[in-house]
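Colleague: Below is the sequence, then the predicted model.
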Amino acid sequence: MATPHSNQAHSTVAKKPFAFNSASHLLRIGTERASNLSELLEALRVCPDASIFQHMFQTLAEHHYIREGFSNDFAHWAFFSCNETGLAERLSGVDVREFTSIRALRERVIQVVEAHLANNPQSKDRKALETFYFCSAQTVVIPTPIIAQDLAEFAEGLRKVSLHSIHFHFINARLRTKLNSNDFSVWLQEELGLEVLADRIEEIDIYTSTMEGVRRSIIKLVERELANPSVSPQVRATA
Amino acid sequence: MANEVKKTRKKNVASAKEQQSSTGVPESAIAAVDTPYATEGNGRSNLPGTDRATLMERRKYPRISTTPPAPDAPPKFADYEPIVGTAELNEIRYIAKGLRGKTVKMVNSTAVGGGVAEMLNRLIPLLNEMEVHTKWEVITGGNDFFEVTKGFHNALHGGEYNLTQEIRDIFNSYNEQNRQRMTFDEDVVVIHDPQPAGLIKSRQEHQKWIWRCHIDLSNPHPGVWDFLRPMVEQYDASIFSSPSFTRQLANPQYLFYPCIDPLSEKNKPLDEKYVAKVCDDFGIDRTRPIITQISRFDRLKDPVGVVQAYKLARKYVDCQLVLAGGGASDDPEGAIVLQEVLEAVAGDPDVIILNLPPWSALEINAIQHASDIVIQKSLREGFGLTVTEALWKSKPVIAGAVGGIPTQVVHKLTGVLVQSVEGCAYQIRYLLTHPDFARQLGKQGREHVRENFLMTTNLKRWLLLYQLMLGVAKKERAA
């Protein structure tokens, strides 16, 4: 169902090429620690932003090969060390992709813990099996030589870059761009006009897939687009 | 043979039901008595011509190598490409490029033996290959100094200690002698562990000094820590192997997990024939499930608990237990523990005990490779690099939830954690009868190591730290 417009989009050379970057992280051990849920709540209020980033975002990169289990360190600790299944489930339900700032993400996590402790006051001071140590990620951005100017080069780049690069552009991007989207979708939409493809990529579920699975899904969508171009709403309106 | 297995199985079911109340094993576990390995075979074999009688004989008289092999040449950076991929190596190269021409000195207390020397032997050639010029120096001292530092080591792990003025003087004077003997002109100086901590007096304004602490400081002897702390706090940063090993310090603290080298003798891929040969030499039957714990004969590694867990599991599943380690020949306590293990074994021919010499890295690699399950049922542990080694070989690991083990074994995702003999026995049975789950754990365990605990990741951490400390790095701030 190709249209002249969408075919044109696939051969379009982007004015601004997509430059694949990556990031490396060094872990700094924080001063905050928690051996029960009251202490966790207190530490969540005062820990540096980089700690929230580490335990909510960065843990996905460190455990990128796992597709089951709890999706962030706080949820994992609530389940395995505090035996608080309900809290673990709610914390796990905090989807980092809905947040464009650490401040808002921190507030949400605090709300979840506060609500749980309000309903379960007996859980406040129950000693955890293991202490939770707050760490923070110091991130260093690493440019790669891989650049894409059109959709075919973009697919090639996705195959070549490291999983850290996928994580950097697909998950961590929203903190940088302040948009509820990822670098890939933003570029595909703004530079190549591929809004439908951009939306489909944004819909990939990071919590039920490994990071390699995410990469494969993006490549599959891009390859499908190259083979059978979709019609973006914009193109549909002007056709 | 098949009838024998069935008979044994029925007996095992009956025995399991009898035992249920005493062991507290859940009903669902009792039902899981199928042993795919024992009944269907695992597709592996010993060398052609090795029969059961030969294996049983070798168990009594294992063929243990008596001479150390010549060491492998250290690998080149590019040798890691098939293991971690081109993109990862390119990222490390990029980080190193920003540091080209910078100079680093690393100082520790021993050139051979021990995990730190082993790690530096691998790390330093890689740093130099990246053109980050790194020198390694070792402090010298008399027996009195090393007696003091051994005492400090035990005291920092929480042991009793009488810190006298004489002891302080010995420590300070040897540090001062070494300080006078050595030069410190490098951009970065890294001091490993407490022994050379006093060298910090040589710090110059333009330099960055880093203290790399490889030991657990969570519960130190207060007097010894009070003595060392003022030295440690003069460093620009300190590095620990686990957040739980730290003290509250005035300087920034970083987390560097210990690592394994995937190309070392203990971890490199092995030829199947070599694995079969090692199994033959030690009397290990490759056609039956193999459960292994690699550790010194030390009570903190709970080898007796492992034997008890094996015996409980053996009522339901066919398997052999291999306990391989050293320390029983040169350590009087090791010999006592070995005796306790032998008593617990009580002549069971399917328990193979190997007291190996220190140069047995290849043999240990082969045993891990041949194993169906690797156990590390420690009661106390440092980081537990034997766990890392097993995970890297894609083995399902059953381990005690102590020290650095929970960092490596994420329960039911990269292995299983246990708190008791009964729990360990149950997990042996479960993993042997659920090979798909065991394989999944092994696969995820290997990826966990690839991401976090390999030499290449360690190299990257060092380079990143140098970049950050020397102001080379382009940092990104969390929004």
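Modeller: It's in. Numbers count the residues shown, from 1 in each chain, chains lettered A, B, ... in the order given.
Colleague: C-alpha only now, for contacts and for neighbours.
Modeller: Will do.
Colleague: do you know how far the residue in chain B positioned nearest to chain A is from B:K201?
Modeller: Across chain B, the shortest distance to chain A (CA to the nearest CA) belongs to B:Y254, at 4.3 Å. With distances taken as CA to CA, to the nearest Å, B:Y254 is found 22 Å from B:K201.
Colleague: Among these two, which residue is more densely surrounded?
Modeller: Neighbours were counted for B:Y254 and for B:K201 using other CA atoms under 10 Å in any protein chain shown; B:Y254 has more, 26 against 13.
Colleague: what helices or strands is the strand or helix carrying that one leaning on?
Modeller: Take DSSP states H and E as the rule and B:Y254 turns out to sit in strand B:253-255. Counting contacts by 3 or more CA pairs under 8 Å, 6 or more residues apart in numbering or on different chains; DSSP states H and E, strand B:253-255 is packed against strand A:18-34, strand B:237-240.
Colleague: how about a cut-off of 10 Å?
Modeller: The contact analysis (3 or more CA pairs under 10 Å, 6 or more residues apart in numbering or on different chains; DSSP states H and E) places strand B:253-255 against strand A:18-34, strand A:132-148, strand B:208-212, strand B:237-240, helix B:455-469.
Colleague: what's the residue of chain B closest to chain A in contact with, if anything?
Modeller: By CA atoms under 10 Å, 6 or more residues apart in numbering or on different chains, B:Y254 lies in contact with A:26-30, A:135-138, B:212, B:237-243, B:246, B:461, B:465.
Colleague: Tell me the bridge partners for A:I147.
Modeller: For A:I147, the beta-bridge assignment (DSSP bridges) gives partners A:A19.
Colleague: Surely it touches A:F154?
Modeller: Yes - A:I147 is within contact range of A:F154, at 7.6 Å (criterion: CA atoms under 10 Å).
Colleague: Which one's more surrounded, these two?
Modeller: Shown here are A:I147 and A:F154; by other CA under 10 Å, A:F154 has more neighbours (21 against 15).
Colleague: excluding its backbone neighbours, what's nearest the more buried one?
Modeller: A:A148 (4.8 Å; CA to CA, 6 or more residues apart in numbering or on different chains).
Colleague: Go ahead and confirm the one you found touches A:N21.
Modeller: No - look at A:A148 against A:N21 with CA under 10 Å: they stay out of range, at 11.8 Å.
Colleague: Adding distance to B:I398 and mean pLDDT, write the helices and strands packed on strand B:253-255 out as JSON lines.
Modeller: Putting the helices and strands packed on strand B:253-255 into JSON lines (distance: least, CA to CA, whole Å; pLDDT from 0 to 100) gives the following:
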{"stretch": "strand A:18-34", "distance to B:I398": "27", "mean pLDDT": "95"}
{"stretch": "strand A:132-148", "distance to B:I398": "23", "mean pLDDT": "93"}
{"stretch": "strand B:208-212", "distance to B:I398": "30", "mean pLDDT": "98"}
{"stretch": "strand B:237-240", "distance to B:I398": "25", "mean pLDDT": "96"}
{"stretch": "helix B:455-469", "distance to B:I398": "24", "mean pLDDT": "96"}
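Colleague: what's the closest of those to B:E88?
Modeller: Among the helices and strands packed on strand B:253-255, the nearest to B:E88 by CA to CA is helix B:455-469 (8.8 Å).
Colleague: follow-up on the earlier one: how far does the strand holding B:Y254 sit from its chain's centre?
Modeller: 20 Å (CA atoms, centre = their mean, to the nearest Å).
Colleague: And the pLDDT at B:E333?
Modeller: As predicted, B:E333 sits at a pLDDT of 79.
Colleague: cool, A:R126 as well?
Modeller: At A:R126, pLDDT is 96.
Colleague: wait, it sits on A:A34?
Modeller: No - if you go by CA under 10 Å, A:R126 and A:A34 don't touch, sitting 11.2 Å apart.
Colleague: Outline the domain layout of the chain.
Modeller: Let's take chain A. Annotated domains of chain A cover A:4-20+A:145-238, A:23-136 [automatic domain parsing].
Colleague: Chain B is the one I meant
Modeller: Listed by automatic domain parsing, the domain ranges of chain B are B:2-61+B:264-452, B:77-259+B:456-469.
Colleague: Of all those, which one comes closest to A:V13?
Modeller: That would be domain B:77-259+B:456-469 among the domains of chain B, by CA to CA, at 25.2 Å.
Colleague: So A:G157 is in contact with A:L163, correct?
Modeller: No - the criterion here is CA under 10 Å, and A:G157 misses it with A:L163 at 11.8 Å.
Colleague: Just the terminal-to-terminal distance for stretch B:236-249.
Modeller: The straight-line separation of the ends of stretch B:236-249 (CA to CA) is 11 Å.
Colleague: For the chain, which residues score under the pLDDT cut-off?
Modeller: All of this refers to chain A. A:1-10, A:67, A:231-239 (pLDDT under 70).
Colleague: sorry, should have said chain B
Modeller: B:1-43, B:113, B:327-331, B:474-479.
Colleague: Would you mind saying which of the domains of chain A lies nearest B:I367?
Modeller: Short answer: domain A:23-136, nearest of the domains of chain A by CA to CA, at 26.6 Å.
Colleague: ok, that closest one near chain B or not?
Modeller: Yes - Domain A:23-136 reaches chain B (CA under 10 Å from any CA of the partner chain) through A:23-31, A:33, A:48-54, A:61-69, A:76, A:80, A:100-103, A:129-136.
Colleague: Could you tell me which of these count as buried?
Modeller: Buried members of these, scored by 16 or more other CA atoms under 10 Å in any protein chain shown, are A:23-31, A:33, A:48-54, A:61-67, A:76, A:80, A:100-102, A:130-136.
Colleague: Would you mark the buried spots in the strand or helix carrying A:R90?
Modeller: Per DSSP H and E: A:R90 is located in helix A:85-92. Of all the residues in helix A:85-92, those buried under the rule 16+ other CA under 10 Å are A:87-89, A:91-92.
Colleague: counting contacts, what elements does it pack onto?
Modeller: For helix A:85-92, the packing partners by 3+ CA pairs under 10 Å, 6+ apart are helix A:73-80, helix A:102-119.
Colleague: Other residues contacting the shortest one?
Modeller: Here helix A:73-80 makes contact (CA under 10 Å, 6+ apart) with A:36-37, A:40, A:44, A:52, A:54-60, A:69-70, A:81-94, A:109, A:113, A:128-132, A:134, B:410-411.
Colleague: how about 7 Å then?
Modeller: With CA atoms under 7 Å, 6 or more residues apart in numbering or on different chains as the test, helix A:73-80 has contacts from A:55-56, A:59, A:70, A:84-85, A:87-89, A:91-92.
Colleague: what angle sits between that helix and helix A:85-92?
Modeller: 170 degrees (axes from the mean of the first three to the mean of the last three CA atoms, to 10 degrees).
Colleague: and what of the last one?
Modeller: Here helix A:102-119 points in a direction 170 degrees away from that of helix A:85-92 (the same axes, to 10 degrees).
Colleague: helix, strand or coil for B:L270?
Modeller: coil (DSSP: H, G, I helix; E, B strand; the rest coil).
Colleague: Around it, how many other residues sit close by?
Modeller: So B:L270, with other CA under 10 Å, has 14 neighbours.
Colleague: And for B:A344?
Modeller: For B:A344, the count of nearby residues is 17 (other CA under 10 Å).
Colleague: so what's residue 170 closest to, chain neighbours aside?
Modeller: Chain wasn't specified; assuming chain A. In space, A:F170 is closest to A:N182, 4.9 Å off (CA to CA, 6+ apart).
Colleague: That was the other one, I meant chain B.
Modeller: Leaving aside its sequence neighbours, B:I170 sits nearest to B:F145 (CA to CA, 6+ apart; 6.1 Å).
Colleague: from the middle of its chain, how far away would whichever strand or helix holds the one you found be?
Modeller: Using DSSP H and E, B:F145 maps to helix B:143-156. Computed by CA atoms, centre = their mean, the chain-centroid distance of helix B:143-156 equals 23 Å.
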